[in-house]
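Visitor: okay, sequence plus prediction incoming.
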Amino acid sequence: MKKMISMAVMALLVCSAQAFAADLKIGYADLQRALNECTAGIKAREDLQTEAKQKEEELNGKQEELKKLKDEMDEKGAVWNEDTRKAKEQEFREKSREFQKRFAQYGEEFNRKREETEKRIIEELRDVVEEVAKDKGYTFIFEATVGGILYAPPSADVTDAVIKAYDGKVK
């Protein structure tokens with residue numbers, strides 16, 4: 001009798017699981033692609049590139065100053081008196097230190113801004129994924145690049161819908 005009850009429970013569970021599975025709608029989104037292709041992501045990347053180019057031009061100017069100072073020291077160092085030579089060497093060391101400090105600061109600042117911007121947009125995209133999932137009746141949506149999805153049919157990819165919804169929401 002116990003076997004009959006166990007078999008009935010198992011059959012009920014199998015039927016329930018199949019019925020549940022039939023109602024599941026699973027999709028995935030590539031948030032990295034959405035970040036790269038949404039309007040806010042493109043604009044953020046362009047803004048960062050513009051800022052990086054400005055900083056690079058500033059650093060190139062400082063580097064050129066250092067090169068000129070070094071060339072002057074190499075060219076005239078033999079004829080300068082010791083006080084002038086030491087003053088120029090000190091000036092060169094200070095400017096070199098300042099250049100290296102600015103170079104490191106700009107790199108850290110650029111990376112911090114990029115990370116903050118990407119984090120903000122990804123968080124907004126996650127909210128949009130939830131809206132798209134509810135709107136299209138998905139039970140689960142996985143993140144394609146982090147979720148470990150090895151295969152999924154292209155029809156389950158909601159990335160384009162997420163980009164479109166995000167661009168429509170964030171203008």
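Guide: Cool, the structure landed. Since this is a predicted model, take the numbers as computed values, not measurements.
Visitor: any regions of this structure where pLDDT drops low?
Guide: For the chain, applying pLDDT under 70 flags the ranges 1-22, 147.
Visitor: how about the helices in it?
Guide: 2-23, 31-37, 39-76, 82-136, 159-169 (DSSP state H).
Visitor: dump these to TSV, plus distance to residue 153 and mean neighbour count.
Guide: No exception for glycine: its C-beta is placed from N, CA and C like everyone else's. What follows is the helices of the chain, written out as TSV (distance: least, Cβ to Cβ, whole Å; neighbours: other Cβ atoms under 10 Å):
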stretch	distance to residue 153	mean neighbour count
helix 2-23	16	9
helix 31-37	17	19
helix 39-76	26	13
helix 82-136	15	14
helix 159-169	13	18
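Visitor: excluding chain neighbours, what is closest to the residue nearest the centre of the chain?
Guide: In the chain, the residue lying closest to the centroid (Cα atoms, centre = their mean) is residue 118, at 4.6 Å. Closest residue in space to residue 118, ignoring its immediate chain neighbours: residue 35 at 6.2 Å, by Cβ to Cβ, 6 or more residues apart in numbering.
Visitor: how about residue 65?
Guide: Spatial nearest neighbour of residue 65, excluding adjacent residues (Cβ to Cβ, 6+ apart): residue 95 at 6.7 Å.
Visitor: residues in contact with the one you found?
Guide: Residues near residue 95 by Cβ atoms under 8 Å, 6 or more residues apart in numbering: 62, 65-66, 69.
Visitor: cool, thanks, talk later.
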